[in-house]
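[1] The following comprises the amino acid sequence and a computationally predicted model.
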Amino acid sequence: MLRVLFILSSIAMGGAERNTVSVLPYLQAAGAHVMLCTLNTRRDSPLAHVFSQTGIKRFDLDAHRMVDMAAWRRFVTLLRDEQIDLIHAQDQDAIIYAGLAHRLLHIPSVMTRHVLQESATSWKTSMRARMVFWSAQQGMNRVVAVSEIVRHSFAKQAGISLSKIDTIYNGIELNKFKKCQSRYELRNRFGWNLENPIAVLVSVLRPGKGVEVLFDALPRIRAILPTFQLKLVGAGELEHDLREKAAPLGEAVEFLGERMDIPDLLAASDVLIQTSWSEALPTVLIEAGAASLPVVATNVGGTTEIVQNGHGGYIINPGDVETLIDRVVNILKNPTLATRMGQQAHDFVVKTFSLEKQAMQTKSMYERILGETHENPL
């Protein structure tokens, strides 16, 4: 049986981590023997508990820094002892580890590109970005892009051929979005007013997510819809600053923190808003579609590969407060339109973004790589 080691920095609450935890059981069901390796546990989130319930083995290297020779030796021992056939890396540091393993140990390796661009705000982040590009060039058999725009963008950034990159969309657990309770039952459970128009924004609270743009729009949305409320789901480095900015808005904004009940939160809401300045493939838009929830989202990254303007929701330009207000109000004042858009989004997501489909495409790629490796040994 094909033995595959996924590798992450830790089990944080980001998109790459959420997808990894979700897809591994499906790869196992598809006939691969999968395991997870993390560099450390320092940034583990409640998602780590969810992963522990899958029964899939997790190994942790207890790395204290990127260059940690003791952690590297543990990694090499793990690869040998578990007789790993292929490594699949999911984030920056993990990609560098997998690239080195490919070059030094000749183990087939794959990386998934979950972002449009690397952070390069200091010499350290710039160096890591260059190491990711080196890994793609020299240390990977294939690269997986989570959207077509990521595929084309990364080919240029890393200087590699498009033919080396496969686009495989991240899937989601569609069954979790089947409504067991009505919108009103869910609102009662959450203590939300049954009649208030409610928007939800689900995001890691870090730079680039554009939450401040929505805060600018909120007073004018409330001028039209006085009982409008925003439920902000997520945590991150900007949470303190955003709470300070939201303070003058009073009850219009509620911070819900990190949550594991995203399907229920979406089902209880009227519209999802995504205000990012940059995205690769916003998983939350896929989740909103699974919940039949219309969206207003910025035209960044792979957004238009999930939502077409007027079909499933509205697409706006990043930072366009006027259009944001208009589109949100239009959905909230037109229930028939909202229902139609939600159904359109649901139909497209079910067809395109299942974990079964992601797992089968991914396993097929592994088999091609190993077949090529056996035909052309180093």
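    Yes, it's here. Residues are numbered from 1 along each chain as shown.
[2] Quick one: residues contacting the nearest residue to residue 197 once chain neighbours are set aside.
    Of all residues not flanking residue 197 in the chain, residue 332 sits nearest, at 4.4 Å (Cβ to Cβ, 6 or more residues apart in numbering). Using the backbone N, CA and C atoms, a C-beta is placed for each residue, glycine as well. Shown in contact with residue 332 (Cβ atoms under 8 Å, 6 or more residues apart in numbering): 197, 199, 225, 228, 270, 271, 338.
[3] Pick out the residue closest to the middle of this structure.
    residue 15 (2.3 Å; Cα atoms, centre = their mean).
[4] and residue 217, what does it touch?
    321, 324, 325, 328.
[5] ok, now with 7 Å
    For residue 217, the contacting residues are 321, 324, 325, by Cβ atoms under 7 Å, 6 or more residues apart in numbering.
[6] State the phi and psi torsions of residue 32.
    Dihedral pair for residue 32: phi -100, psi 150, per degrees, to the nearest 10.
[7] again but with residue 25, I slipped
    phi -60, psi -30.
[8] So for residue 15, what's the nearest residue that isn't a sequence neighbour?
    Distance criterion Cβ to Cβ, 6+ apart; nearest residue to residue 15, sequence neighbours excluded, is residue 283 at 4.9 Å.
[9] Quick one: residues contacting the one you found.
    If you count contacts by Cβ under 7 Å, 6+ apart, then residue 283 has 15, 18, 19, 170, 172 around it.
[10] residue contacts, the third one?
    Going back to what we said before, that points to residue 19. Neighbours of residue 19 in contact, by Cβ under 7 Å, 6+ apart: 170, 283.
[11] How much space separates the closest residue to residue 143 other than its chain neighbours from residue 140?
    Of all residues not flanking residue 143 in the chain, residue 165 sits nearest, at 4.5 Å (Cβ to Cβ, 6+ apart). The gap separating residue 165 from residue 140 is 10 Å, by Cβ to Cβ, to the nearest Å.
[12] Residue 340 too?
    43 Å.
[13] And for residue 314?
    Distance from residue 314 to residue 140, by Cβ to Cβ: 37 Å.
[14] swap in residue 201?
    Between residue 201 and residue 140 the distance is 34 Å, computed by Cβ to Cβ.
[15] Just give the closest residue to residue 285, not the sequence neighbours.
    residue 306 (4.6 Å).
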